[in-house]
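Q: everything below, folded, please.
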Amino acid sequence: MLTLLHQTTAVHPCQFSLLAALLEEPFPQTPNDLVQLEQHLSAAAAQVADHIVLAQLTRAHEAEAFVTQALAQARAQSPVPLVHKGFRVTSVLLLGGTRILLETPYLREDRRGRRGRHRRTRGPSGAGCYPVLEALGIADRVSPATRAEVALPVGQAASSREAAAMLARRGLACDVSSLVRISTATAEASIRLRDAALAAALRVPVPRDGPWAGKRVRGSLDGGRVRLRRTHRGRKTATGRHGFSTPWREPRLLVIAILDEQGRPDRLRLPLYDVLIGDAEAVWALLLGYLRLLGAAYAAVVEFIADGAEWMWKRVERLRTLAEIPPSTLVEVLAFYHASQYLYETIATGRRLSKAQCRTLYKRLWHALRHQADGVEVVMEALHALATTWRGKVITRALRYVETHAHRMRYVALEARKLSIGSGQVESAVRRVINLRFKAPGSFWTATTVSGLMHLRAAFKAGRWDDVMLGVLTHTYQTPSFALVSTTATHRSAEAQERDTLQTSLESRKQVA
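A: Residues are numbered from 1 along each chain as shown. Next up, the predicted model:
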């Protein structure tokens, strides 16, 4: 039995005459008349489409062979024995905004023969499954197309409330809690598939014909800022609530791009964004998995560019070994604008020099580092001369910094190889993926929710939303493709990314100047 619950006025199933009846009305004579006509047509077409989906779901439940196959598949994939508990009624939200009630087969864990008291409460993921619905990609009480339509604006909009308003304008009413629930479940499914694929990549040989074979690849890491909400245990406050704290956490964003012949991100190939809240080892495990899965060992060049954070650079050599990247292939680069900013801050500590002298010295060293082959040596010589002042400890620390990263600061040689020296791409991605959405004042998140939403937003900003949804619906991980794409809608995110990269680089140049 299948029933319709309409959120608007009820319409008879497959009543196509509703659309035809609009042709008999007077033609629109004002912009307002045309707007109302378009809105009526859109709502009526969506309702008719939902009725067609309902009719097809009815046929699926009436097909005995299909139902039997779905039940057998659910039992084969379940880690525990399942027993048929008859038919249960569940609701499903369709793309046109219609919520239907389905009476569909229900399977649950077989507890017969077990000793002890039976548990009556449901677990966090429910106590059973609906095999026929799952065979059609229906989960979390939404249809597959509705899932994609609901999860997308949650990653796009500035807040979940805005996402709900965007969906309501197109006739798909959904409350904020349902939006977050569906989006989080979608993200968790995608993350599980990704983690399984990357873990498998560690156990198999690196593919020789991977997406990166013979290409110039650039990877970079950087962190953003979000506040997590941690509820305190124990007694409640006078208002009847538990207290909570909001510590800052640093989500780390990974950006991988194919470089063109000029050393810039290839505009015809989508970048790869991924984000993770975890410690340093978890982030490097994510990067290592991608390097092995995509065949970094057989790339023409693998450039890794980042700021001067020690937690990253001390793990690069181990990463190269585990990813089986030849030493001649991996190029380490300390981002030029981070290096120049560190140089400026160091020079500014010299009390013996006036502001004008500090500025003159900085410009001279900046030019040497940027345009001279021996720029690193020029900088070290100047710092040695400054180390005699009473600020010698600061200068000595800066000297160690330059000596440690000297082989990563040969910017003239890097440009000769047509390799990038700036990290504007990852800084722009951090701003667009993390900070603009999750760092708003008063925004506190649970770790699970924010991790999932950042994962979805990263996929959307990189232009890989369809791959994520296809993987979730088919339960198969979609290996990121770096093939040439068209210069239309899919390619638009790469254009926006490059524009933000250039703008970020210019802003960084102004700050250090």
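
Q: which residues in the protein form strands?
A: 2-5, 82-93, 99-109, 128-129, 216-223, 226-227, 230-231, 244-245, 248-249, 252-258, 272-276, 301-306, 330-334 (DSSP state E).

Q: wait, which of those strands is closest to residue 174?
A: For residue 174, the closest of those is strand 82-93, at 7.0 Å, according to Cβ to Cβ. In short, each C-beta sits where N, CA and C put it, glycine included.

Q: got the buried residues for the closest one?
A: Within strand 82-93, the residues that count as buried by 16 or more other Cβ atoms under 10 Å are 82, 92-93.

Q: adding mean pLDDT and distance to residue 41, write the strands of the chain out as CSV.
A: Formatted as CSV, these follow (pLDDT from 0 to 100; distance: least, Cβ to Cβ, whole Å):
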stretch, mean pLDDT, distance to residue 41
strand 2-5, 45, 21
strand 82-93, 91, 22
strand 99-109, 92, 22
strand 128-129, 88, 39
strand 216-223, 94, 47
strand 226-227, 93, 42
strand 230-231, 84, 48
strand 244-245, 84, 48
strand 248-249, 90, 47
strand 252-258, 95, 42
strand 272-276, 95, 38
strand 301-306, 95, 52
strand 330-334, 96, 55
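
Q: got the ones you listed as a markdown table, with distance to residue 350 columns?
A: Output for the strands of the chain, formatted as a markdown table (distance: least, Cβ to Cβ, whole Å):
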| stretch | distance to residue 350 |
| --- | --- |
| strand 2-5 | 74 |
| strand 82-93 | 65 |
| strand 99-109 | 69 |
| strand 128-129 | 69 |
| strand 216-223 | 29 |
| strand 226-227 | 37 |
| strand 230-231 | 43 |
| strand 244-245 | 41 |
| strand 248-249 | 32 |
| strand 252-258 | 34 |
| strand 272-276 | 39 |
| strand 301-306 | 28 |
| strand 330-334 | 22 |
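
Q: which one, of the ones you listed, ends up nearest to residue 155?
A: Once the strands of the chain are compared by Cβ to Cβ, strand 272-276 is nearest, at 11.5 Å.

Q: so who does residue 339 touch?
A: Going by Cβ atoms under 8 Å, 6 or more residues apart in numbering, residue 339 touches 308, 369, 405, 409.

Q: which of those residues are buried, as a ChimeraX select command?
A: Provided next is the ChimeraX selection string for whichever of the contacts of residue 339 are buried by 16+ other Cβ under 10 Å:
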select :308,369,405,409
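
Q: most widely separated two among the contacts of residue 339?
A: 308 and 369 (14.0 Å).

Q: measure the residue nearest to residue 186 when sequence neighbours are not counted to residue 378 for me?
A: Among residues not flanking residue 186 along the chain, residue 151 sits closest, at 4.7 Å (Cβ to Cβ, 6 or more residues apart in numbering). Shown here: residue 151 relative to residue 378, a distance of 53 Å by Cβ to Cβ, to the nearest Å.

Q: which one of those two has more residues nearby?
A: The residue with more neighbours, out of residue 151 and residue 378, is residue 151; 28 against 15, by other Cβ atoms under 10 Å.

Q: is that one in contact with residue 181, as I believe?
A: No. Counting by Cβ atoms under 8 Å, residue 151 stays clear of residue 181, with 10.6 Å between them.

Q: how many neighbours does residue 210 have?
A: When neighbours are defined as other Cβ under 10 Å, residue 210 has 21 of them.

Q: residues touching it, list them.
A: 293-296, 298.

Q: now do residue 418
A: Taking Cβ under 8 Å, 6+ apart, we find residue 418 in contact with 259, 261-263.

Q: same question for residue 338.
A: 307-308, 423.

Q: over to residue 457?
A: 155-156, 433, 437.

Q: for it, which non-adjacent residue is spatially closest?
A: Nearest-residue entry for residue 457: residue 155, 3.9 Å, with adjacent residues in sequence omitted and distances by Cβ to Cβ, 6+ apart.

Q: so how far is residue 316 from that neighbour?
A: In this view, residue 155 and residue 316 are 31 Å apart by Cβ to Cβ.

Q: repeat that for residue 426.
A: Distance from residue 426 to residue 316, by Cβ to Cβ: 16 Å.

Q: so residue 226 touches residue 247, yeah?
A: No. With contact defined as Cβ under 8 Å, residue 226 does not reach residue 247; the gap is 10.0 Å.

Q: out of the two, which sits in the more crowded spot?
A: Comparing residue 226 with residue 247 by other Cβ under 10 Å, the one with more neighbours is residue 226, at 24 against 10.

Q: who's that one bridged to?
A: residue 249 (DSSP bridges).

Q: check contacts around it.
A: Taking Cβ under 8 Å, 6+ apart, one finds 248-249, 251, 277, 434, 438-439, 443, 445, 450 in contact with residue 226.

Q: more neighbours: residue 155 and residue 316, which one.
A: Taking other Cβ under 10 Å, residue 155 and residue 316 do not tie; residue 155 has more neighbours (24 against 15).

Q: spit out the contact partners of that one.
A: Counting by Cβ under 8 Å, 6+ apart, residue 155 has contacts 183, 437, 453, 456-457, 459-460.

Q: next: residue 153.
A: 162-163, 166-167 are the contacts of residue 153 under Cβ under 8 Å, 6+ apart.

Q: can you name the two of those residues that sit furthest apart?
A: Maximum pairwise distance in the contacts of residue 153, criterion Cβ to Cβ, is 9.9 Å, between 162 and 167.
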